[in-house]
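Trainee: Just to be clear, the model below is a prediction. Sequence and coordinates:
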Amino acid sequence: MIRTGGHGQVEGREPGPGPLAGLRIVEFEGLGPTPFAAMLLADMGAEVVRIARPGSRPLLPQRPDFLERGRGHLPLDLKSAAGRRTALELLAHADGLIEGHRPGVMERLGLGPDVVLAANPRLVYGRMTGWGQNGPRALTAGHDINYIALTGLLHAIGPKSRPVPPLNLLGDFGGGALYLVTGMLAALIAAGRTGRGQVIDAAIVDGAAHLGTMIFSLLASGLWSDAREANLLDGGAPFYTTYACADDRFVAVGALEEKFYTALLDGLGLSPTELPDRADPANWRLIRNRFATVFRTRTRDEWAEHFAGTDACVTPVLSLSEARHDAHMAARGVFADVGGTLQPAPAPRLSATPGAARPEEPAPLDAAALLARWREEERG
């Protein structure tokens, strides 16, 4: 059921309601992909209530914690009968639930899918884990690096000497949170048609493997070597990699297509006749060495200015601190001021009902007042 409703202010202005306005999500406090998924739904206008353990302390002490934006927290002791009763009352009036515990934890609390869906048959029950709800590893601990290691993708990332974890973007947030949100939205659409909710088993190993579909397809076609730095997109190709400049900062080169490669050579002052055929991987080392020598003759920013406006696909490798100051990033508002701090803005962008990065509500929510408001909205 979609209801009307609003959220707090950003930069003194009331943001639009967003495409998910009126949607109620109960989030059970968790790590990484769980709060990111809840943040994304809140960015898009859903009313998200985060149930937190009284006095709980985060694993990472960052403050502000951008992943908590857009929603308030409700302290509840789920080990007490009163806390569980309050949680179940909230869930009876909610559209969705997000939890990231190991399999069986919610059941032991008396808040598993059977109990919750009996109280609210249309609710979408989103479960976020690394290994999934079943399988030999389901009950064992793990983190992003372990999950993507098992999918084969970590093996494919990094220099020849060793695999390198791509932060925790590929597993926690790409294969985890984004797939949980996709599943939640699909199930919410289905619930709107049928009146029946369902359980979403979102496992990072599932989502990360699915993200690798194109690479697995290339491997099956014989167009991908199962080794690092040996392929078009893994740093093996000299025209799709990074190069150090005179100031020891880097540029990124992505000149895959022939016309872009030609523009790259032109910008580097090189003639196609003085380099061997780039289609033959046996020539890649020689081409790479030639490119590396030229890129070392100027600073990163000099190369960025030199290639600006061309189709050579050369860009500076910016630091996390520099990215927000780039002219293109600033023009698009990729980073937004949220409650006095600069954070990544919501994405993607919707033309009629855009999302908005809303600050976290600093004060704990009151369960009785929240339930009273939800009931009143339903009567209205």
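Mentor: Yep, that arrived. Numbering: from 1, shown residues only.
Trainee: So which residues of the stretch 1-150 of the chain form helices?
Mentor: 33-43, 81-92, 105-108, 113-119, 144-151 (DSSP state H, counting those that start in this stretch).
Trainee: And the longest one, what does it pack against?
Mentor: This points to helix 81-92. strand 24-28, strand 47-52, helix 113-119, helix 367-379 (3 or more CB pairs under 8 Å, 6 or more residues apart in numbering; DSSP states H and E). For the C-beta atoms, the positions are set from N, CA and C on the backbone; glycine is no exception.
Trainee: would you list those in TSV and tack on mean neighbour count?
Mentor: Shown next, in TSV, are the helices and strands packed on helix 81-92 (neighbours: other CB atoms under 10 Å):
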stretch	mean neighbour count
strand 24-28	25
strand 47-52	24
helix 113-119	15
helix 367-379	13
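Trainee: Strands along this protein, start to end?
Mentor: 24-28, 47-52, 72-75, 96-99, 124-129, 199-203, 240-244, 250-254, 314-316, 335-338, 341-344 (DSSP state E).
Trainee: Mean pLDDT for these - can I get that in a markdown table?
Mentor: A markdown table is the format used below for these (pLDDT from 0 to 100):
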| stretch | mean pLDDT |
| --- | --- |
| strand 24-28 | 98 |
| strand 47-52 | 96 |
| strand 72-75 | 93 |
| strand 96-99 | 98 |
| strand 124-129 | 98 |
| strand 199-203 | 98 |
| strand 240-244 | 98 |
| strand 250-254 | 98 |
| strand 314-316 | 98 |
| strand 335-338 | 92 |
| strand 341-344 | 92 |
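Trainee: May I see those strands arranged in TSV, with distance to Ala177 as well?
Mentor: Output for the strands of the chain, formatted as TSV (distance: least, CB to CB, whole Å):
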stretch	distance to Ala177
strand 24-28	12
strand 47-52	13
strand 72-75	19
strand 96-99	10
strand 124-129	7
strand 199-203	8
strand 240-244	27
strand 250-254	26
strand 314-316	27
strand 335-338	19
strand 341-344	14
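Trainee: Any idea which of those strands gets closest to Ala367?
Mentor: strand 72-75 (5.9 Å; CB to CB).
Trainee: hey, C-alpha coordinates of the closest one in PDB?
Mentor: Taking Å, rounded to 0.1, in the frame of the first residue of the first chain, the C-alpha atoms of strand 72-75 are listed here in PDB:
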ATOM      1  CA  GLY A  72      15.500   7.600  12.800                       C
ATOM      2  CA  HIS A  73      16.200   4.800  15.200                       C
ATOM      3  CA  LEU A  74      13.900   3.000  17.600                       C
ATOM      4  CA  PRO A  75      15.700   1.400  20.600                       C
END
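Trainee: Adding mean pLDDT, write the helices of the stretch 1-150 of the chain out as CSV.
Mentor: CSV is the format used below for these (pLDDT from 0 to 100):
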stretch, mean pLDDT
helix 33-43, 97
helix 81-92, 97
helix 105-108, 97
helix 113-119, 98
helix 144-151, 97
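Trainee: Figure out which of those helices is closest to Pro362.
Mentor: The closest of the helices of the stretch 1-150 of the chain to Pro362 is helix 33-43. By CB to CB, the value is 15.1 Å.
Trainee: From Leu265, how far off is Arg332?
Mentor: 30 Å (CB to CB, to the nearest Å).
Trainee: next one: Pro272
Mentor: Distance check for Pro272 against Leu265: by CB to CB, it reads 6 Å.
Trainee: Likewise for Arg193?
Mentor: Distance from Arg193 to Leu265, by CB to CB: 55 Å.
Trainee: So if I had to pick from these two, which one is more boxed in?
Mentor: In this comparison of Arg193 against Leu265, neighbours counted by other CB atoms under 10 Å, the higher total goes to Leu265 at 22 against 7.
Trainee: Would you agree that one is in contact with Arg278?
Mentor: No. Using CB atoms under 8 Å, Leu265 makes no contact with Arg278, being 9.7 Å away.
Trainee: Now do the contacts for Leu139.
Mentor: Applying CB atoms under 8 Å, 6 or more residues apart in numbering, we find Leu139 in contact with Arg102, Pro103, Gly104.
Trainee: Now do the contacts for the last one.
Mentor: With contacts defined as CB under 8 Å, 6+ apart, the neighbours of Gly104 are Leu139.
Trainee: For this structure, which residues score under the pLDDT cut-off?
Mentor: Low-confidence segments of the chain (pLDDT under 70): 1-15, 56-62.
Trainee: Tell me which residue is most central in it.
Mentor: Phe173 (3.6 Å; CA atoms, centre = their mean).
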